[in-house]
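Student: 3D, please:
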Amino acid sequence: MSSIAKVINGGQNWGYFHFSRIFTPHMLTDTKIRGIRPAAKKFKVHDRDGLYLLVMPSGTKTWRFRYRFGDARPEMSLGKYPAVSLKDARDKVFELRKMLENGIDPQQAHQRTRLVQKGDGYTVAAAIDDFLADKAAHVGEVHLAKCRSRFNNHVLPAFGTRMLASVETNEYRALLASINGLGKNHMARRVQGLLNELYSYAILNGRATYNPVQPLAGIIKPKKVKNHARITNPQRFGELLRAIDHYRGAWQVVLALKFLPLVFVRQKELRFMDWADVDLERKLWTIPAAKIKMARDHLVPLSRQAIEILRDAQSIGGDKGLVFPGMKNGRPLSENAVRSALLAMGFSSDEMTGHGFRGTASTLLNELGYDSRYIDMQLAHWDSNSVSAAYNHALYLKQRTELMQEWADYLDKLRAGRAAC
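Tutor: Purely as a prediction, here's the structure:
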């Protein structure tokens, strides 16, 4: 029995160890622990629930706790015996296992506590400042302003003065649940994403050891988004085009309504359309990447009909600033301007919306047999991860220019009641 030694306690054989591992058929007792003798190599004496004693050749006996967290099998030291008794060690393991049941890694929690006790003064507010300063080098001003606003409105009031390492997972869970409970599902998911980025940045820079938001992945379920109402019947769309021609309202709204079916852009892009981005000679509208949070600018070829509308807008409002300004000087059209006009013309929100012009164009153009690549590119539905999408901002420009003119001509026929899909 050269590689196996009996462990004797009061003359009774209660367990064996093989090299550095020991197998115990029964749980430990204080009597058994006192009877353990050191060996030439360190070895383990297991108790239960991941608790064991590590016995060193020097005779030192240290409590260790091993557990599973995800794919990892971390270990923690719980103190030396007899300073930490068997009962104390088991009680501690009970508390640690409760943390595991709540999705908290005990080792990471312990490290966070040590950071807080050190009092390094690194607050959530300071971490946000550092994170946004770094992010500014990679994103546009509009997106950066949104990130800052979300932190200011939702995170800083609750945790701004707290140490970054002190905020627990359950606290962030409560914050996200409260935002979601206010009917702001989209905002709750955006805030969660920003917090994940914040902690990842802090960890990479040695200012945090653990991301307390990570265990909350999937906790805020996205609400099913109802498709924007759109007209897909050509005859009915022709009726809408005729109604727009006869609509009487502010010139900005009238011209915006006439322009929108021709370019089928997002309403925000229409509302913030600036003359500086329009080239009437080249018949091209360039939407800057920063305005649409994309990797590249989006090019909108302008048909002959679209140019005529822009020249009307130019003659009324000039060629500086917003193409379709709001009623207040320097402000864009109201978000509800198009919706209100559609309602006034007898088209309810269940039948047609401002965003619905995109769906109408996509449906009818596909039914007309146009290449879906050109349609998707014109809708800015390109893959932002594609190298060609990111750098070739003129992708399919010739084909899209032809598509946009033929689409405008087709709308003229629908307006006159002389075309069908």
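Student: for residue 59, see how far away residue 341 is.
Tutor: Residue 341 sits 87 Å away from residue 59, going by CB to CB, to the nearest Å. Where C-beta positions appear, they are placed from N, C-alpha and C, glycine not excepted.
Student: check residue 184 too.
Tutor: According to CB to CB, residue 184 and residue 59 sit 61 Å apart.
Student: about what we covered before: of residue 341 and residue 59, which one has the most company?
Tutor: Taking other CB atoms under 10 Å, residue 341 and residue 59 do not tie; residue 341 has more neighbours (20 against 9).
Student: which strands or helices does the helix or strand encompassing that one pack on?
Tutor: Element membership for residue 341 (DSSP states H and E) is helix 337-344. Other elements packing on helix 337-344 under the criterion 3 or more CB pairs under 8 Å, 6 or more residues apart in numbering; DSSP states H and E are helix 251-263.
Student: which residues sit against the next helix-or-strand element following the helix it packs on?
Tutor: Going down the chain from helix 251-263, the next helix or strand is helix 267-271, by DSSP H and E. Here helix 267-271 makes contact (CB atoms under 8 Å, 6 or more residues apart in numbering) with 256, 259-260, 263, 287, 291-292, 298, 324, 332-333, 335, 337-338, 354-355.
Student: how close does residue 221 get to residue 60?
Tutor: 50 Å.
Student: so the two - more neighbours on which side?
Tutor: Neighbour totals were compared for residue 221 and residue 60, and residue 60 leads with 13 against 10 (other CB under 10 Å).
Student: now that one: closest residue in space, sequence neighbours ignored.
Tutor: residue 80 (6.4 Å; CB to CB, 6 or more residues apart in numbering).
Student: show me which pair in the contacts of helix 267-271 is furthest apart.
Tutor: For these, with distances taken as CB to CB, the pair at the greatest spread is 298 and 337 (22.1 Å).
Student: helix/strand/coil for residue 207?
Tutor: Of the three states, residue 207 takes coil under DSSP: H, G, I helix; E, B strand; the rest coil.
Student: residue 124 is in contact with that one, correct?
Tutor: No. The criterion here is CB atoms under 8 Å, and residue 207 misses it with residue 124 at 11.0 Å.
Student: mutual contacts of those two, please.
Tutor: With CB under 8 Å, 6+ apart as the test, residue 207 and residue 124 both reach residue 164.
Student: look at the closest residue to residue 404 other than its chain neighbours and report its pLDDT.
Tutor: Using CB to CB, 6+ apart and skipping residues adjacent in sequence, the residue nearest residue 404 is residue 301, 4.6 Å away. Here, the pLDDT recorded for residue 301 equals 96.
Student: before we move on, the earlier item: bridge partners for the residue nearest to residue 60, pull those for me.
Tutor: Applying DSSP bridges to residue 80 gives these bridge partners: residue 62.
Student: so what's it scoring on pLDDT?
Tutor: Looking at residue 80, its pLDDT is 93.
Student: so the spatially most central residue of the chain: helix, strand or coil?
Tutor: Ranked by distance to the mean C-alpha position of the chain (CA atoms, centre = their mean), the top residue is residue 193 at 4.0 Å. Residue 193 falls in the helix class when you classify it by three-state DSSP.
Student: just residue 92 next, same as before
Tutor: Applying three-state DSSP: residue 92 is helix.
Student: once you drop chain neighbours, what's closest to it?
Tutor: Using CB to CB, 6+ apart, the closest residue to residue 92 is residue 78 (5.3 Å).
Student: now swap in residue 231 and tell me
Tutor: residue 237 (4.7 Å).
Student: all helices of the stretch 101-250 of the chain, in order?
Tutor: All helices of the stretch 101-250 of the chain, identified by DSSP state H, counting those that start in this stretch, fall at 106-118, 124-135, 141-150, 156-159, 169-181, 185-204, 234-245.
Student: so the residue nearest to residue 92 sits against residue 66, correct?
Tutor: No. Counting by CB under 8 Å, residue 66 is not a contact partner of residue 78; they are 10.9 Å apart.
Student: so between these two, which is more surrounded?
Tutor: The neighbour comparison of residue 78 against residue 66 (other CB under 10 Å) goes to residue 78, with 17 against 14.
Student: in this protein, where is pLDDT below threshold?
Tutor: Across the chain, the ranges flagged by pLDDT under 70 are 1-26, 111-120, 224-227, 292-295, 382-394, 419-421.
Student: one more time with 50, if that's ok
Tutor: In the predicted model, the chain carries pLDDT under 50 at residues 1-25, 119, 383-391, 421.
Student: ok, now which ones touch residue 219?
Tutor: Residue 219 makes contact with 173, 176, 192, according to CB under 8 Å, 6+ apart.
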